[in-house]
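[1] Sequence isn't available, so here's the structure alone:
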């Protein structure tokens, strides 16, 4: 009997690439996202791989909608084996330019969206005593950056909720696996449709990875008993360097964090924003940075050989801190 995966944020970006990865591996997939037309196009593509695809237009910020989607997935596809929480929303702006409504909405999608997914998945997996939940995190959950306070705060909150739930699963002796995949900068459409108040187009901080890289890591995490997976050296570096020299990195990012995330190109006066409503259009997994993005990573090494990678990473992080210190001195901070 084919296995069933539910994937949120399935219409574009990492979610779309993850849908394709699971379909290639023979999974039937329920696709959750807001835009019905884009969701149907994604579903039609994977049907060509010989699997069943069930597009369910869903706003993950709505707990009742997520629960209804989970129920429909089980009725039409069968018991859910894997649930992957990918959906996110963000704003590029300093806190002083954010509204309470924007903060609330971004948090509802990025943080509560994953909480809602975990609750609906666990409700069903607990009864069967099997299943896997994959939460997609970020290096920015460990090392926050300016201009993305909503996203960084939500991703850090996901870490906290995930760790609490994991202990409860162990306490209850459930054979349900809960894992987290932390990502680096990825080439997705979010840099074109996230609400941007900076007047210049947003860009990911290099090195950038194609969305198929985290998609492969997510599938690996879903099919192996791993507590977490760090995707790419930039993620390892950010996590470890922040442990060693957080105050220094605070000051460094105060100087470089703005320019590093903004291009020289101005944003259009009618630039789209997907924070409150989905942006129509034929968006897919990739953004506009294919010419600068990597197609591979050593992310599996960081998980399979954690002790070795942590030792190597610690040494490298010390070197990074020294380089950052020299850069900070040059910048007079």
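    On my side now, so go ahead. Computed from a predicted model, the values in this text were never measured in an experiment.
[2] Give me the helix or strand of this protein that scores worst on average pLDDT.
    helix 299-304 (a mean of 50; mean pLDDT, DSSP states H and E).
[3] Return the set of buried residues in the one helix or strand residue 122 maps to.
    Using DSSP states H and E, residue 122 sits in helix 113-128. Within helix 113-128, the residues that count as buried by 16 or more other Cβ atoms under 10 Å are 113-118, 120-122, 124-125. Quick note: C-beta positions are derived from backbone N, CA and C, even for glycine.
[4] Also stretch 27-37?
    Neighbour-count burial for stretch 27-37 flags 27-35 (criterion: 16+ other Cβ under 10 Å).
[5] If we only consider those, which is nearest to residue 159?
    Distances from residue 159 to these, taken as Cβ to Cβ, are shortest for residue 32 (22.0 Å).
[6] Next, the closest one: secondary structure please.
    Using DSSP: H, G, I helix; E, B strand; the rest coil, the secondary structure recorded for residue 32 is strand.
[7] tell me the contacts of it?
    Each residue near residue 32 by Cβ atoms under 8 Å, 6 or more residues apart in numbering is listed here: 6-10, 56, 58, 60, 66, 69, 87.
[8] list the helices and strands the helix holding residue 122 packs on?
    strand 4-8, helix 63-76, strand 82-85, strand 131-138, helix 149-171, strand 176-183 (3 or more Cβ pairs under 8 Å, 6 or more residues apart in numbering; DSSP states H and E).
[9] counting contacts, what elements does the last one pack onto?
    In terms of contact count using 3+ Cβ pairs under 8 Å, 6+ apart, strand 176-183 is assigned the packing partners helix 113-128, strand 131-138, helix 149-171, helix 212-223, strand 228-230, helix 233-244.
[10] I'd like the buried residues of stretch 27-37 laid out as a markdown table, including pLDDT and distance to residue 160.
    Listed next are those as a markdown table, based on pLDDT from 0 to 100; distance: Cβ to Cβ, whole Å:
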| residue | pLDDT | distance to residue 160 |
| --- | --- | --- |
| 27 | 98 | 29 |
| 28 | 98 | 32 |
| 29 | 98 | 29 |
| 30 | 98 | 27 |
| 31 | 98 | 28 |
| 32 | 98 | 23 |
| 33 | 98 | 25 |
| 34 | 97 | 26 |
| 35 | 96 | 30 |
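[11] wouldn't residue 257 be in contact with residue 144 here?
    No: under the contact definition of Cβ atoms under 8 Å, residue 257 does not touch residue 144, with a separation of 9.5 Å.
[12] I'd like to know how many residues surround the closest residue to residue 159 other than its chain neighbours.
    Leaving aside its sequence neighbours, residue 159 sits nearest to residue 141 (Cβ to Cβ, 6 or more residues apart in numbering; 5.1 Å). Residue 141 has 24 neighbouring residues, counting by other Cβ atoms under 10 Å.
[13] what does residue 230 give?
    If you count neighbours by other Cβ under 10 Å, residue 230 ends up with 30.
[14] just to revisit the earlier point, to residue 23, which of the helices and strands packed on helix 113-128 lies closest?
    Closest to residue 23 of those is strand 4-8 (Cβ to Cβ; 8.7 Å).
[15] what's across from the most centrally placed residue in the chain in the sheet?
    For the chain, residue 136 is the residue whose C-alpha lies nearest the centre (Cα atoms, centre = their mean; 4.2 Å). Assessed by DSSP bridges, residue 136 has beta-bridge partners residue 181.
[16] List the residues that contact it.
    Residue 136 makes contact with 14, 84-86, 88, 114, 180-181, 183, 214, 218 under the criterion Cβ under 8 Å, 6+ apart.
[17] Surely residue 143 forms part of a helix?
    No: secondary structure of residue 143 (three-state DSSP): coil, not part of a helix.
[18] is it true that it touches residue 242?
    Yes: taking contacts as Cβ under 8 Å, residue 143 lies within contact range of residue 242: 4.1 Å.
[19] Which neighbours do those two have in common?
    Shared contacts of residue 143 and residue 242, defined by Cβ under 8 Å, 6+ apart, are found at residue 249.
[20] who's more crowded, those two?
    Between residue 143 and residue 242, counted using other Cβ under 10 Å, residue 143 has the larger neighbour count: 21 against 18.
[21] picking that back up, go through the buried residues of helix 113-128 and say which is closest to residue 234.
    residue 114 (22.1 Å).
[22] so which of the helices and strands packed on helix 113-128 comes closest to residue 105?
    When the helices and strands packed on helix 113-128 are compared by Cβ to Cβ, helix 149-171 sits nearest residue 105, at 8.6 Å.
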